[in-house]
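Student: Just to be clear, the model below is a prediction. Sequence and coordinates:
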Amino acid sequence: MASVNAPTTLTSELFHALPCLRENPTDSVLTAALLQYCQDEDLVSAADLLLRLMVDQPHVQRRMTRSVENTHRHVPLPQPGDLQNFTDKVLEALCDRHVSQLSENSGAAGRSVRARGSGFSSVSVSVSDMLATAAAWGNDSVKLEGLAPLQPTNRKVHFFPTGCSLVDRLLAGTPSNATGGALEGGFCAGLLTEVHGEAGSGKTQLVLQCLFQCVARQQCALYAVNHLPELLISSGDGVGDNTFIDSLRGFATEKVAALYIVSEGVPASRLGPLATGALHRAKAMVLSAASRQPSIDVELLKARLDEFVTERTVVAGVGIRPVDGVGALLRLLSDGTLSSAFSSLGNTGVVVVDSIADVVAGGSSGEEMNRWEISTTVASVGSLLKSFAVKEGAAVVVTNQVRTSLSVSGEGMIRRHTPVPALGMQWAVAPHVRVNLRRPQNTANASRRQFTIICGPAHQPAYCSYLICNEGICNDE
């Protein structure tokens, strides 16, 4: 270790973030290789190393392996799993350290934000109450103590549909018109999905519809599973053929997380119509499953659903948390607040950030950041969101804006390039799935939008069209 002439500041920062690196022989060898890489690449601070790991972790791992081959020939080469665990551990610790520094340097503005409360402690409060006052999100003071341990979970893959079947199949990586519950599709649990597009392309409408669809489906299915047998008995029909109840049990969880983290004003005028549309689709799903029951029982179930599962209960099932800057979002992710809220709501559901570009533009609790600090912070946010999605098994959906880059040709002509997602490479490496929304050109229908899958772990590039209607988005058929 002493033979590596890495910058003293970087070495001390690395060991301060991870004191355990001195204790394990394998970690000591890998640390020496990592510091050698930093020296070769002129990385002089922990922020430099954090950005490099975020942008191209495989490249760093290859260079570390080569360094071990050249300088530690008597030591067996590290196994890929050991190397991956080591770099993941370093990345997480550096992210944690960066977030803590942001919190310590946030000044009076940051203290006022923390005093106001930035947790989901009041997540059971209805959306309508939250719209009346942002202070309803709790008065508890949040203490930043680094990354809360998030335990991996072994869950069956779940999808959370938007209610538009064409869009849901593309999100599930199933562009065909295959049918069946297994192929219902939607945003996938365990993945971080970015939805980017120009202003007015329908990003907020899409993610809000998914949240309401998630809540409405759970509430309708739960009521049917819990109450239909007693309804049938009270009507004198007995239990009857209730095999359809089994088809709803997968949706009938006691709780479901539908959390909306928003950087600007909540679009209150859209909530009612979107909740109504989601409720109609969810009730139709339940009644379709019950279609083999006697018609009188189906009518009884419909009447009870109309009475007990309403637009108000669906709207109240979505938790909203306004954030005024990237510092507030980092605290939610890093101190375990978001994890605790998600766990308390049943460890299943959707978390939306709308929009990541606006959150970053809001700064860190009112503090100005230079370009380098912004890049490092964006990388930290991306890493924490991805880690939360994977370890909690949440479907995390983030909206993003687009920007159009300009270049000057050799003849002095200014060229406009295709719009690309905002926040650059530091953010681009974070999402598992990237989706583009846009208004198609040369179309007579102003409500038509194009939905395009750009990339994903099990997705081929594909697109479809959908329509924006009064109750959300629907198939363009």
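Tutor: Great, that's in hand.

Student: how close does the closest residue to residue 317 other than its chain neighbours sit to residue 313?
Tutor: Nearest residue to residue 317, sequence neighbours excluded (CB to CB, 6 or more residues apart in numbering): residue 215, at 3.6 Å. The way it works is simple: take the backbone N, C-alpha and C, and place the C-beta from them, glycine included. With the distance defined as CB to CB, to the nearest Å, residue 215 ends up 8 Å from residue 313.

Student: neighbour-wise, which of those two wins?
Tutor: More crowded of residue 215 and residue 313, by other CB atoms under 10 Å: residue 215, with 27 against 16.

Student: show me the contacts for the residue nearest to residue 317.
Tutor: When contacts are counted by CB atoms under 8 Å, 6 or more residues apart in numbering, residue 215 touches 256, 258, 278, 314, 317-318.

Student: At the geometric centre of the protein, which residue do we find?
Tutor: Closest to where the C-alpha atoms of the chain average out (CA atoms, centre = their mean) is residue 396, at 1.9 Å.

Student: sec struct for that residue, please.
Tutor: Per DSSP: H, G, I helix; E, B strand; the rest coil, the secondary structure class of residue 396 is strand.

Student: contacting residues for it?
Tutor: 191-193, 350-353, 385-386, 388-389.

Student: thinking again about what came up before, can you point out the buried residues in whichever strand or helix holds the residue nearest to residue 317?
Tutor: Using DSSP states H and E, residue 215 sits in helix 203-234. Buried residues in helix 203-234, defined by neighbour count with 16 or more other CB atoms under 10 Å: 203-225, 228, 232.

Student: moving C-terminal of the one helix or strand in the chain whose mean pLDDT sits lowest, what's the next helix or strand?
Tutor: Within the chain, no helix or strand scores below helix 127-132, which has a mean of 36 by mean pLDDT, DSSP states H and E. Next along the chain after helix 127-132, taking DSSP H and E as the criterion, comes strand 159-160.

Student: which residues are contacting that following strand?
Tutor: Contact with strand 159-160 is made by 168, 171-172, 184-189, 210, 213-214, 349-350, 395, as judged by CB under 8 Å, 6+ apart.

Student: Sitting in strands, which of those residues do you find?
Tutor: Of the positions in these, 187-188, 349-350, 395 sit in strands, assigned by DSSP state E.

Student: And these, which two are furthest apart?
Tutor: Maximum pairwise distance among these (CB to CB): 12.6 Å, between 188 and 349.

Student: Which of the ones in strands among the contacts of strand 159-160 ranks first by neighbour count?
Tutor: When neighbours are counted by other CB under 10 Å, residue 187 leads these with 28 neighbours.

Student: quick one: it and residue 419, what's the gap?
Tutor: 23 Å.

Student: do the same with residue 167
Tutor: 20 Å.

Student: which one of the two has more residues nearby?
Tutor: residue 167 (28 against 16).

Student: Tell me both backbone torsions, phi and psi, for the closest residue to the more buried one other than its chain neighbours.
Tutor: Spatial nearest neighbour of residue 167, excluding adjacent residues (CB to CB, 6+ apart): residue 451 at 5.3 Å. Main-chain torsions, residue 451, degrees, to the nearest 10: phi -110, psi 120.

Student: And for the one 4 residues further on?
Tutor: In this entry, residue 455 is assigned phi and psi values of phi -160, psi 160 (degrees, to the nearest 10).

Student: any idea which element the residue lying closest to it once chain neighbours are set aside lies in?
Tutor: Nearest residue to residue 455 in three dimensions, chain neighbours excluded: residue 434, at 5.3 Å (CB to CB, 6+ apart). Using DSSP H and E, residue 434 sits in strand 433-438.
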